[in-house]
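K.L.:
Generate a structure from the sequence data that follows.
(4 chains)
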4 protein chains.
Amino acid sequence: MPSDIEARVRESFARQGLMQHLGARVDRVEPGFVRIVMPYGEHLTQQHGFFHAGGTSAIADSAGGYAGLTMFPEDASVLTVEFKVNLVAPARGEQLEAEGRVIRSGRTLTICQLEVFAVEGTSRSLVALGQQTLICMAGKPDR
Amino acid sequence: MPSDIEARVRESFARQGLMQHLGARVDRVEPGFVRIVMPYGEHLTQQHGFFHAGGTSAIADSAGGYAGLTMFPEDASVLTVEFKVNLVAPARGEQLEAEGRVIRSGRTLTICQLEVFAVEGTSRSLVALGQQTLICMAGKPDR
Amino acid sequence: MPSDIEARVRESFARQGLMQHLGARVDRVEPGFVRIVMPYGEHLTQQHGFFHAGGTSAIADSAGGYAGLTMFPEDASVLTVEFKVNLVAPARGEQLEAEGRVIRSGRTLTICQLEVFAVEGTSRSLVALGQQTLICMAGKPDR
Amino acid sequence: MPSDIEARVRESFARQGLMQHLGARVDRVEPGFVRIVMPYGEHLTQQHGFFHAGGTSAIADSAGGYAGLTMFPEDASVLTVEFKVNLVAPARGEQLEAEGRVIRSGRTLTICQLEVFAVEGTSRSLVALGQQTLICMAGKPDR
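P.N.:
Residues are numbered from 1 along each chain as shown, chains lettered A, B, ... in the order given. The predicted model follows:
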């Protein structure tokens, strides 16, 4: 991972208005891996007061996209082609942690696994599992 | 559709903190069909200024979920089991319109098709296409 | 559609050992659309005697792939990037008909909708609904 | 795992006409895990001579379904609700090995991860990654 890739991810993330609006932040950046954290708030709920699947999916999508970006050339940007997510348990807790992990990185397409955990005290349990296909837009710098 | 189903959908939607926070609103409710509209704003963007796939997916998920709810008994609520979405074009425009449509409604599971359109002036073009599996929680009223 | 595209699809399909082995055949080829038919037989069953989801998915995948190929340049071949399918009803009947339909065709990626119908006498009902992402391998002729 | 669950899986698998027709066999059964092996043959190919994605998906679907069945009560059978698979590399080699692994097992729904590996000599590499939703049909024994 080029020494500045974490800075690139954080700078790009800061330009994602939606992530700011949801109160999400980048927690960790490694080659092929990004974790995003989002504390609970009423602005994130579905009708029963849990985290809305849409917010859960949004941070999962961003985590995967930036995990992919860590593997791309410096002059490339990333777009999500598609993703699929299973909501495996009600998403309740103090915060959600979304992890994107690159499974296969190609010249054009990159496949990520997406996991979202709900954290409550010392408990951390899987609430969503997904897969994502990304496309590398070569020669189109993210900035 | 029971005469009060539209009211039930709108009342439940109003309790989705995330939908309020994103500025989304219910545009239309029919048996097996719901449309949600979300005007553009910087709070909805990804790093290039387009609608973030996470927001696009969030309203698609809600549209499908409420489309399903229109087919459920009155004492039931709805949960998303999983969804998959292809982002088929950059989501730019004055607003997004997400449509959820029931394809198959069973006692336990309901399958919806999800479409999101970007509207700019008189142009309306598909930006996302998805499929969603819902589960009917019988005996657990939404409220 | 170039005049020879149907011939190209049929010739390529004939080289798919799996399709021959399953007893599937190309029923119809139009620009952006292909239908594949597969008559019932015990070699296609799951444990309860219905069509196995794996066979249903296999012809859906081929139908979508060839629907995509009809939109590609002559010197290109097609690969499936991913697909997702909901099995919306038990697949029983005299034959299955899988239809692939191009939703968005790009230079690199093409998105298809997949539908599989079970036919029994004059009844034809949806048993599977899917979405598929294809990649165009330019400069790599199918043959 | 009840002592007879492996026998139940193998007996049910033996009734899947498609699996027999493809030349697939059950390699391993553990609680929440099943591996299916399918040796290469021309009856399994796509147009370029690799394993067809449809066959790859078929054994992945069966592996996941039986992984789920190992967690079900004895009087229950399993149906696939939906699955999604990314074909991450060309599937070539002496044989494919599909592994289904239960991620979350509920009373009604079970979520599995699906992996397919291509084996060539001492090399074993991931060619497909998927997710699957299963439904437990309680009171409907598989046999």
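
K.L.:
Partner strands of the helix or strand containing A:Gly100, with direction?
P.N.:
For A:Gly100, the element it lies in under DSSP states H and E is strand A:95-105. Pairing partners of strand A:95-105, with direction, according to DSSP bridges: strand A:33-39 (antiparallel), strand A:109-120 (antiparallel).

K.L.:
Just send those strands back as TSV, with mean pLDDT and mean neighbour count too.
P.N.:
In short, each C-beta sits where N, CA and C put it, glycine included. Formatted as TSV, these follow (pLDDT from 0 to 100; neighbours: other CB atoms under 10 Å in any protein chain shown):
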stretch	mean pLDDT	mean neighbour count
strand A:33-39	98	21
strand A:109-120	98	23
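
K.L.:
With A:Met19 as the reference, name the closest of those.
P.N.:
strand A:33-39 (7.5 Å; CB to CB).

K.L.:
following that closest one, which helix or strand shows up next?
P.N.:
Downstream of strand A:33-39, the first helix or strand assigned by DSSP H and E is helix A:53-69.

K.L.:
Can I get that next one in CSV, CA atoms only?
P.N.:
Extracted C-alpha coordinates of helix A:53-69, given in CSV (Å, rounded to 0.1, in the frame of the first residue of the first chain):
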residue,chain,number,x,y,z
ALA,A,53,-31.1,-1.4,6.7
GLY,A,54,-30.4,1.5,4.3
GLY,A,55,-27.9,3.1,6.7
THR,A,56,-26.3,-0.3,7.4
SER,A,57,-25.9,-0.9,3.7
ALA,A,58,-24.6,2.6,3.0
ILE,A,59,-21.6,2.2,5.3
ALA,A,60,-21.1,-1.3,4.1
ASP,A,61,-21.0,0.0,0.5
SER,A,62,-18.5,2.7,1.5
ALA,A,63,-16.3,0.3,3.4
GLY,A,64,-16.1,-2.0,0.4
GLY,A,65,-15.5,0.8,-2.1
TYR,A,66,-12.6,2.2,-0.1
ALA,A,67,-11.2,-1.3,0.5
GLY,A,68,-11.1,-1.6,-3.2
LEU,A,69,-9.6,1.8,-3.7
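
K.L.:
what's the angle between it and strand A:109-120?
P.N.:
With axes from the mean of the first three to the mean of the last three CA atoms, to 10 degrees applied, the angle from helix A:53-69 to strand A:109-120 works out at 130 degrees.

K.L.:
near chain C at all, the very next helix or strand once past helix A:53-69?
P.N.:
Next in sequence after helix A:53-69, counting helices and strands by DSSP H and E, comes strand A:77-87. Yes. Against chain C, strand A:77-87 shows contacts by CB under 8 Å from any CB of the partner chain at A:Val81, A:Glu82, A:Lys84.

K.L.:
who touches the first one in this structure?
P.N.:
Residues in contact with A:Val81 (CB atoms under 8 Å, 6 or more residues apart in numbering or on different chains) are A:Leu109, A:Thr133, A:Leu134, A:Ile135, B:Asn86, B:Leu87, C:Val81, C:Leu109, C:Thr133.

K.L.:
quick one: the strand holding A:Gly100 to strand D:77-87, angle?
P.N.:
60 degrees.

K.L.:
how about strand A:95-105: buried residues?
P.N.:
For strand A:95-105, the neighbour count (16 or more other CB atoms under 10 Å in any protein chain shown) marks A:Gln95, A:Leu96, A:Glu97, A:Ala98, A:Glu99, A:Gly100, A:Arg101, A:Val102, A:Ile103, A:Arg104, A:Ser105 as buried.

K.L.:
Which residues are in contact with the closest residue to A:Arg92 other than its chain neighbours?
P.N.:
Once flanking residues are discounted, A:Arg92 sits nearest to A:Phe50: 4.8 Å by CB to CB, 6 or more residues apart in numbering or on different chains. Shown in contact with A:Phe50 (CB under 8 Å, 6+ apart): A:Pro90, A:Ala91, A:Arg92.

K.L.:
Contacts only, for the nearest residue to A:Tyr66 once chain neighbours are set aside.
P.N.:
Closest residue to A:Tyr66 apart from its sequence neighbours, by CB to CB, 6+ apart: A:Val34 at 4.2 Å. The contact partners of A:Val34, taken as CB under 8 Å, 6+ apart, are A:Val9, A:Val26, A:Arg28, A:Ser62, A:Ala63, A:Gly64, A:Tyr66, A:Ala67, A:Thr70, A:Glu99, A:Gly100.

K.L.:
what's the spacing between A:Val34 and A:Gly100?
P.N.:
According to CB to CB, to the nearest Å, A:Val34 and A:Gly100 sit 5 Å apart.

K.L.:
who touches both of those two?
P.N.:
The contact sets of A:Val34 and A:Gly100 overlap at A:Ser62, A:Ala63, A:Gly64, A:Tyr66, A:Ala67 (CB under 8 Å, 6+ apart).

K.L.:
isn't the second one right next to A:Leu96, touching?
P.N.:
Okay, so that is A:Ala63. No. Using CB atoms under 8 Å, A:Ala63 is not in contact with A:Leu96, being 10.4 Å away.

K.L.:
in terms of contact, does A:Ser125 touch A:Ala89 like I think?
P.N.:
Yes. A:Ser125 lies in contact with A:Ala89 (CB under 8 Å); the separation is 6.5 Å.

K.L.:
residues bridging contact with those two, i.e. touching both?
P.N.:
Counting by CB under 8 Å, 6+ apart, the residues touching both A:Ser125 and A:Ala89 are A:Ala118.

K.L.:
Let me know the average pLDDT across the strand ranked longest in chain A.
P.N.:
Secondary structure assigned by DSSP state E gives strand A:123-137 as the longest strand of chain A. Model confidence over strand A:123-137, given as mean pLDDT, is 97.

K.L.:
got the angle for it vs helix A:53-69?
P.N.:
Counting by the same axes, to 10 degrees, strand A:123-137 lies at 60 degrees to helix A:53-69.

K.L.:
Parallel or antiparallel, which strands does strand A:123-137 pair with?
P.N.:
Strand A:123-137 is paired, per DSSP bridges, with strand A:77-87 (antiparallel), strand A:109-120 (antiparallel).

K.L.:
Name the residues of that strand that come out as buried.
P.N.:
Of the residues in strand A:123-137, A:Val127, A:Ala128, A:Leu129, A:Gly130, A:Gln131, A:Gln132, A:Thr133, A:Leu134, A:Ile135, A:Cys136, A:Met137 count as buried by neighbour count, 16+ other CB under 10 Å.

K.L.:
so the fifth one touches D:Lys84, yeah?
P.N.:
So that's A:Gln131. Yes. Counting by CB under 8 Å, A:Gln131 does reach D:Lys84; the two are 6.5 Å apart.

K.L.:
Give me the buried positions along the helix or strand of chain A with the lowest mean pLDDT.
P.N.:
For chain A, using mean pLDDT, DSSP states H and E, the weakest element among its helices and strands is helix A:5-14, scoring a mean of 95. By 16+ other CB under 10 Å, the buried positions in helix A:5-14 come out as A:Ile5, A:Glu6, A:Arg8, A:Val9, A:Ser12, A:Phe13.

K.L.:
what helix or strand does the closest residue to the second one other than its chain neighbours sit in?
P.N.:
It refers to A:Glu6. With sequence-adjacent residues excluded and distances taken as CB to CB, 6+ apart, A:Glu6 is closest to A:Val29, at 4.2 Å. Taking DSSP H and E as the definition, one finds A:Val29 inside strand A:25-30.

K.L.:
Mind listing residues that contact that strand?
P.N.:
Residues from elsewhere that reach strand A:25-30 (CB under 8 Å, 6+ apart): A:1, A:5-6, A:9-10, A:13, A:19, A:34-38, A:66, A:70, A:97.

K.L.:
pLDDT wise, what is the most centrally placed residue in chain A at?
P.N.:
For chain A, the residue sitting closest to the mean C-alpha position, by CA atoms, centre = their mean, is A:Ala63 at 1.6 Å. In the prediction, the pLDDT value recorded for A:Ala63 is 98.
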